[in-house]
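In: A structural model of the following input is requested.
(chains A and B)
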Amino acid sequence: SAVISQKPSRDICQRGTSLTIQCQVDSQVTMMFWYRQQPGQSLTLIATANQGSEATYESGFVIDKFPISRPNLTFSTLTVSNMSPEDSSIYLCSVDRGGPETQYFGPGTRLLVL
Amino acid sequence: GENVEQHPSTLSVQEGDSAVIKCTYSDSASNYFPWYKQELGKRPQLIIDIRSNVGEKKDQRIAVTLNKTAKHFSLHITETQPEDSAVYFCAASGNNDMRFGAGTRLTVKP
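Out: Residues are numbered from 1 along each chain as shown, chains lettered A, B, ... in the order given. Below you'll find the model as predicted:
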């Protein structure tokens, strides 16, 4: 498995502001993924981030709202832009390691928007 | 796209009993089926996975079965213990397009 860290672990933000979440991996990985998990719900894929190319967004998620950077093979950021209370959620990054398609999750960032 | 359904949404068993969680998927191209355990306030942890070329896989008290024809797979936990209490998610993936089930909250009563 991979050692994955996220910053911040939690934050409380005001409506209309933006928050950038960082995901750091202890080794190089090809693919990094960003998920959202709303309270008591399942995991929903926001986008897939490959180094050197634009992120691929899932239906219902757009780059203007959730810009993603992937500057190298060990790091990615997700920005939640122009936040509203509906963005309150846990945001998790994951990476593919240990075999095709196997994903391991970071500890998550718990976001509360007031 | 892929659609994964998971049942039951909640499951309560007595310590020592077995627990079974079932999932179905829609995309016949899916070829990787992991199971994650998520304890309260923690990240999802991969506990077992199976690929489409295998019908069953076992790891101590946990086993997973896959029926590709019927497009369903199941998680079996034997001799359950209170520390097995958590939310369990199944997932189906093909070409790194992973979709999760809605989750099953398992409670093991001592």
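In: can I get stretch A:45-58 as CSV, trimmed to CA atoms?
Out: Provided in CSV are the C-alpha atoms of stretch A:45-58 (Å, rounded to 0.1, in the frame of the first residue of the first chain):
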residue,chain,number,x,y,z
LEU,A,45,-15.8,10.2,-7.9
ILE,A,46,-15.2,13.8,-8.8
ALA,A,47,-12.3,13.5,-11.2
THR,A,48,-9.2,11.5,-12.2
ALA,A,49,-5.9,13.4,-12.2
ASN,A,50,-3.0,12.2,-14.4
GLN,A,51,0.3,13.9,-14.4
GLY,A,52,0.9,16.0,-17.4
SER,A,53,-2.6,16.1,-18.7
GLU,A,54,-5.9,17.7,-17.8
ALA,A,55,-8.1,16.1,-15.2
THR,A,56,-11.0,14.0,-16.3
TYR,A,57,-14.2,15.0,-14.6
GLU,A,58,-17.3,12.9,-13.9
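In: up against chain B, what does chain A have?
Out: Contact residues, chain A versus chain B (CB under 8 Å from any CB of the partner chain): A:1, A:31, A:33, A:41-45, A:48, A:59, A:92, A:96, A:100-108. Where you see a C-beta, it was placed from the backbone N, CA and C, and this is true even at glycine.
In: neighbours of residue B:93, how many?
Out: Residue B:93 is flanked by 26 other residues according to other CB atoms under 10 Å in any protein chain shown.
In: how close does it sit to residue B:105?
Out: 23 Å (CB to CB, to the nearest Å).
In: can you turn the buried part of the residues of chain A next to chain B into a PyMOL selection?
Out: Of those, the buried ones go into a single PyMOL selection, burial set by 16 or more other CB atoms under 10 Å in any protein chain shown:
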select buried, chain A and resi 31+33+42+43+44+45+48+92+96+101+102+103+104+105+106+107+108
